[in-house]
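>>> give me a model of this one.
(chains A and B)
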Amino acid sequence: ILNVEQSPQSLHVQEGDSTNFTCSFPSSNFYALHWYRWETAKSPEALFVMTLNGDEKKKGRISATLNTKEGYSYLYIKGSQPEDSATYLCARRGGSNYKLTFGKGTLLTVNP
Amino acid sequence: DVKVTQSSRYLVKRTGEKVFLECVQDMDHENMFWYRQDPGLGLRLIYFSYDVKMKEKGDIPEGYSVSREKKERFSLILESASTNQTSMYLCASSLRQGGNEQYFGPGTRLTVT
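A predicted model of the protein is given here:
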């Protein structure tokens, strides 16, 4: 995988559903994986930064896992709420360079 | 709280004009970045800077230049604006150490007519 890929592109769920999406990235020369939430008319906001294989991070109802050997990360949202509606971006940092390569995002819509 | 501000939320310029987009951060971050966001393409890095007067090209630097004379300010310059530079421009900053999560400004929607 040369680019950072996110799936699905978009997702509609009902309030209360749990959901998850995937970020796939090149596993070679890996340094860190970032997740951001971008709500409409707001700035992207950092959710997690993960560096170690097997890392799991949690913030409220949102959690993320990381597999650096196979090059993927999952983001989970438990009991989705309408305020979780946003585009979720993942970004890979390789090596000592500060650059992030972003995926195209997963647009989540939570219907009340 | 980290604050990243951008000089304009909306900007309309004519083809051929020189355009300056300004970004200021108030948390003494060493790194600053300029991205553009286009539908279906995601966030793409134009330029970044890891110190005053230092800059590095990102993935799509053509048609752009940058200036970082002070640590808190990072300017994006469109030397001669073209219609294909119509886009949303986002500035971000981060610490050099630690998690390096980026803090984003509110964005500038630039339309070049």
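>>> okay, now the unreliable bits of the chain?
Picked chain A for this. For chain A, the stretches with pLDDT under 70 are A:1-2, A:96.
>>> nope, chain B
In chain B, residues with pLDDT under 70: B:1-2, B:98-99.
>>> can you show me the strands along it?
Applying DSSP state E to chain B gives strands spanning B:4-6, B:10-13, B:19-25, B:31-38, B:42-51, B:54-57, B:64-70, B:73-78, B:87-94, B:103-104, B:108-112.
>>> do chain A as well
Using DSSP E, strands in chain A cover A:5-7, A:10-14, A:19-24, A:30-38, A:45-50, A:56-59, A:62-67, A:72-77, A:86-94, A:100-102, A:106-111.
>>> list the beta-bridge partners for the residue most central in space within chain B.
In chain B, the centroid-proximal residue (C-alpha atoms, centre = their mean) is B:Trp34; its distance is 2.8 Å. For B:Trp34, the beta-bridge partners are B:Tyr47, B:Cys91 (DSSP bridges).
>>> you'd agree it is up against B:Val66?
Yes: in this structure, B:Trp34 is within contact of B:Val66 by C-beta atoms under 8 Å, at 6.6 Å. Backbone N, C-alpha and C define where each C-beta goes, glycine included.
>>> just to revisit the earlier point, can you pull the contacts of the residue nearest to the centre of chain B?
B:21, B:23, B:45-48, B:58, B:64, B:66, B:74, B:76, B:89-91 (C-beta atoms under 8 Å, 6 or more residues apart in numbering or on different chains).
>>> ok, so of those residues, who is nearest A:Glu45?
Ranked by distance to A:Glu45 (C-beta to C-beta), the contacts of B:Trp34 are led by B:Leu90 at 12.3 Å.
>>> state the number of residues packed around residue 47.
Since you didn't name a chain, this refers to chain A. 19 (other C-beta atoms under 10 Å in any protein chain shown).
>>> think we crossed wires, I meant chain B
23.
>>> that one is in contact with B:Met54, isn't it?
No: using C-beta under 8 Å, B:Tyr47 is not in contact with B:Met54; the gap is 10.7 Å.
>>> one step back: adding distance to B:Gln102, write the strands of chain A out as TSV.
Output for the strands of chain A, formatted as TSV (distance: least, C-beta to C-beta, whole Å):
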stretch	distance to B:Gln102
strand A:5-7	17
strand A:10-14	24
strand A:19-24	16
strand A:30-38	7
strand A:45-50	7
strand A:56-59	17
strand A:62-67	17
strand A:72-77	17
strand A:86-94	8
strand A:100-102	7
strand A:106-111	19
